[in-house]
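Enquirer: Got a sequence here, can you model it:
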Amino acid sequence: IKLAGGIFHTHHHLADGRLEILVAAATRMGLPPAQLSRLFDCETAEDVLKYLCEIDTADGSEWVTRIYGYLTERIDNRSQTYIYSQSQQSVSVGSVVFDRQRRVIATSATGRTFLTQLC
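Expert: Sure, this is the predicted structure:
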């Protein structure tokens with residue numbers, strides 16, 4: 001999540017911002033204001049995911065897929081830009097985002113391509 005926000009020094013004592021990045025992504029993807037307000041009350045990124053899963057279960061809206069799919073694409077783009085800025089090397093980056101139980105939440109298009117090439 002930090003990578004999607006352009007935070008590449010990811011150790012917690014250097015920077016966090018995960019909740020803010022998640023709320024910004026949810027805003028960008030059109031999550032209704034009442035639900036956005038509830039995201040601000042979450043204490044952890046895991047709580048945000050849990051809440052979005054609850055919404056999806058209740059109404060089949062697929063917010064988890066939309067929001068985390070958007071984040072994986074941002075991770076790919078920002079990572080490629082960052083790598084180029086540090087090395088002048090163009091690379092393809094693919095992302096897979098997991099929850100705390102190591103279950104896949106979302107995979108970017110490039111990440112899916114890389115994974116299918118492995119099999």
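
Enquirer: For the strand or helix carrying residue 117, which helices and strands make contact with it?
Expert: Assessed by DSSP states H and E, residue 117 sits inside helix 109-118. With contacts taken as 3 or more Cβ pairs under 8 Å, 6 or more residues apart in numbering; DSSP states H and E, helix 109-118 sits against helix 63-87. For every residue, glycine as well, the C-beta is placed using N, CA and C.

Enquirer: What mean pLDDT does the helix it packs on get?
Expert: Summarised as a single mean, pLDDT over helix 63-87 is 96.

Enquirer: Direction included, what does whatever helix or strand comes next after that helix pair up with?
Expert: Where DSSP H and E defines the elements, the next helix or strand beyond helix 63-87 is strand 96-98. Strand 96-98 has the following strand partners under DSSP bridges: strand 104-107 (antiparallel).

Enquirer: what sits up against the helix holding residue 117?
Expert: The contact list for helix 109-118 (Cβ atoms under 8 Å, 6 or more residues apart in numbering) reads 72-73, 76, 92-96, 107.
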